[in-house]
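Chemist: Quick check, what structure comes out for this input:
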Amino acid sequence: MPKKDTLAFSNSKFSQINLVSRANSYFAASNTAKGFTHDFEEIFRPCKRIYILKGGPGTGKSSLIRAVASEATNRDIPVEYFYCSSDTSSLDGVIIGDNEIAVIDGTSPHTVDPKIPGVKEEIINLGQFWNSGVLKEASHEIKYYLDKISLLYAGVYDAMAVADSAEGLTRRLVLRHTDSEKLYLVAERTARAHSGDTGIIRPRGISAFGVHGHVILDSYERLADEVYTFRDKWGISGIFLDALKENFEKRSIGFDFSRSPIFGKTDAILLRNEGVAFLPVANDPSRIINTERFILKSISVEKDDIKELRLISSAAVKMAEKKLSLIGELHDELEKIYISAMDFKALGELTKRILISIFKNPPCQTAR
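Modeler: This is a model prediction of the structure:
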């Protein structure tokens, strides 16, 4: 598939979806109607060694993370990439080997602090390489950008809350006319058709809503031999996926799962053991689950209300998208200030030392 494909969906709450092709790539955080949320604890704490990077925007955190990932790839060591949900061109972290080593951005808003300092975790302060004098001279400009970004984010989350409220009411209207018993029985039957493994459940997001709009990674599809997707005019695939998730848990079937940005419902499941994925959208689905068969004819009574609520939700999402786009522009300007104050030669030397420290006893090279 092309590296990046922008698609428009008539039943989508989002004005556009960027479907991005990246192998072994996920999101560990999300902008939602309840604010910024993340799964850093669940995802990174199981690693045996964690390098926590601290520093402002433009201090080279993402570049250092990429350098570690590149070295691991050159050594044929498996890498999982976790992209920033707000700016999907940047990295929040990587895991190399089989939960051997994590290198993560531990700054706000996903602040991470060590629990066993020096033993399990090591803090790397990239702020030591900036020229404080340069930053002090630009202090008013920095404060302007930070205040503006903070204000815009408040507006983003307000708009997303409106979208979520309209979506929640839509869901309640649709559920009045849904054969929930039939839906659950089909989900249960679908779960029975699959076998379990260790029962480990891992959050591995493939959807994000940030400065580049709504981005979906195709990681699950790349890892799956069989892909299920949905015919879902009424927006209940998330309810089906939640029922499926519940049944997999009951049967101790391990899986990765993703939540939709804004609304927080399950939007994708990957059965690692079997190579089976359940996705909201796919390039080449093996099977299509028709959720419309669970909808009763009586829904015609609510059609106009559902249409109006979807228009409200869509308008609120577009408002949030515009604010996020402005945030991206302001963040780029803020980064320029910090980049101008950085000693990248010293940062390069530190990067070399970190690479030596990590790879003097390289992680297990057995693929997951």
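
Chemist: okay, CA-based contacts and neighbour counts for the rest of this
Modeler: Fine.

Chemist: all helices of the chain, in order?
Modeler: 40-44, 61-74, 132-137, 139-176, 180-192, 219-223, 237-250, 303-340, 344-359 (DSSP state H).

Chemist: So for Tyr81, which of these sits nearest?
Modeler: helix 61-74 (8.1 Å; CA to CA).

Chemist: Spit out the contact partners of Arg287.
Modeler: By CA atoms under 8 Å, 6 or more residues apart in numbering, the residues touching Arg287 are Glu226, Val227, Tyr228, Thr229.

Chemist: change it to 10 Å
Modeler: The contact partners of Arg287, taken as CA atoms under 10 Å, 6 or more residues apart in numbering, are Glu226, Val227, Tyr228, Thr229, Phe230, Phe278.

Chemist: hey, which helix or strand in this protein has the poorest pLDDT?
Modeler: Of all helical and strand segments in the chain, the minimum by mean pLDDT, DSSP states H and E falls on strand 4-7, at a mean of 30.

Chemist: coming back round to it: tell me which of the contacts of Arg287 fall in strands.
Modeler: Members of the contacts of Arg287 lying in strands (criterion: DSSP state E): Glu226, Val227, Tyr228, Thr229, Phe230, Phe278.

Chemist: what sits against the first one?
Modeler: Applying CA under 10 Å, 6+ apart, we find Glu226 in contact with Glu274, Gly275, Val276, Ala277, Phe278, Asp284, Pro285, Ser286, Arg287.

Chemist: Who does it form a beta bridge with?
Modeler: For Glu226, the beta-bridge partners are Val276 (DSSP bridges).

Chemist: What score does it have for pLDDT?
Modeler: Model confidence at Glu226, given as pLDDT, is 94.

Chemist: Then the fifth one?
Modeler: Confidence per residue is given as pLDDT, and for Phe230 that number is 94.

Chemist: re the thing from before, how about JSON lines for the contacts of Glu226, with distance to Gly210 and pLDDT added?
Modeler: As requested, the contacts of Glu226 are exported to JSON lines (distance: CA to CA, whole Å; pLDDT from 0 to 100):
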{"residue": "Glu274", "distance to Gly210": "32", "pLDDT": "90"}
{"residue": "Gly275", "distance to Gly210": "29", "pLDDT": "92"}
{"residue": "Val276", "distance to Gly210": "28", "pLDDT": "94"}
{"residue": "Ala277", "distance to Gly210": "24", "pLDDT": "96"}
{"residue": "Phe278", "distance to Gly210": "23", "pLDDT": "96"}
{"residue": "Asp284", "distance to Gly210": "26", "pLDDT": "83"}
{"residue": "Pro285", "distance to Gly210": "27", "pLDDT": "88"}
{"residue": "Ser286", "distance to Gly210": "30", "pLDDT": "90"}
{"residue": "Arg287", "distance to Gly210": "30", "pLDDT": "92"}
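
Chemist: now, which of the residues you listed sits nearest Ile77?
Modeler: Set against Ile77, the nearest of those by CA to CA is Gly275 (20.9 Å).

Chemist: For burial, what's the neighbour tally of that closest one?
Modeler: 15 (other CA atoms under 10 Å).

Chemist: any idea how far it is from Arg287?
Modeler: The gap separating Gly275 from Arg287 is 14 Å, by CA to CA, to the nearest Å.

Chemist: For the two, list the residues in contact with both.
Modeler: Glu226, Val227.

Chemist: Give me the pLDDT for the residue lying closest to Val79 once chain neighbours are set aside.
Modeler: The shortest distance from Val79 to any non-neighbouring residue, by CA to CA, 6 or more residues apart in numbering, is to Ile96 (4.6 Å). pLDDT for Ile96: 95.

Chemist: what's the neighbour count on Ile96?
Modeler: Look at Ile96: counted by other CA under 10 Å, it has 23 neighbours.

Chemist: Okay, now the unreliable bits of the stretch 101-250 of the chain?
Modeler: 117-119, 196-197 (pLDDT under 70).

Chemist: ok, 90 please
Modeler: For the stretch 101-250 of the chain, applying pLDDT under 90 flags the ranges 107-121, 194-200, 212-218.

Chemist: related to what we said a few turns ago, want to throw the helices of the chain into a markdown table with mean neighbour count and distance to Pro109?
Modeler: Output for the helices of the chain, formatted as a markdown table (neighbours: other CA atoms under 10 Å; distance: least, CA to CA, whole Å):
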| stretch | mean neighbour count | distance to Pro109 |
| --- | --- | --- |
| helix 40-44 | 16 | 11 |
| helix 61-74 | 19 | 14 |
| helix 132-137 | 13 | 21 |
| helix 139-176 | 18 | 11 |
| helix 180-192 | 16 | 36 |
| helix 219-223 | 22 | 25 |
| helix 237-250 | 20 | 27 |
| helix 303-340 | 18 | 14 |
| helix 344-359 | 14 | 23 |
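
Chemist: For Gly199, which of those helices is the nearest?
Modeler: Comparison of the helices of the chain against Gly199 by CA to CA identifies helix 237-250 as nearest, at 7.4 Å.

Chemist: hmm, back to that, the contacts of Arg287: which two are farthest apart?
Modeler: Glu226 and Phe230 (13.7 Å).
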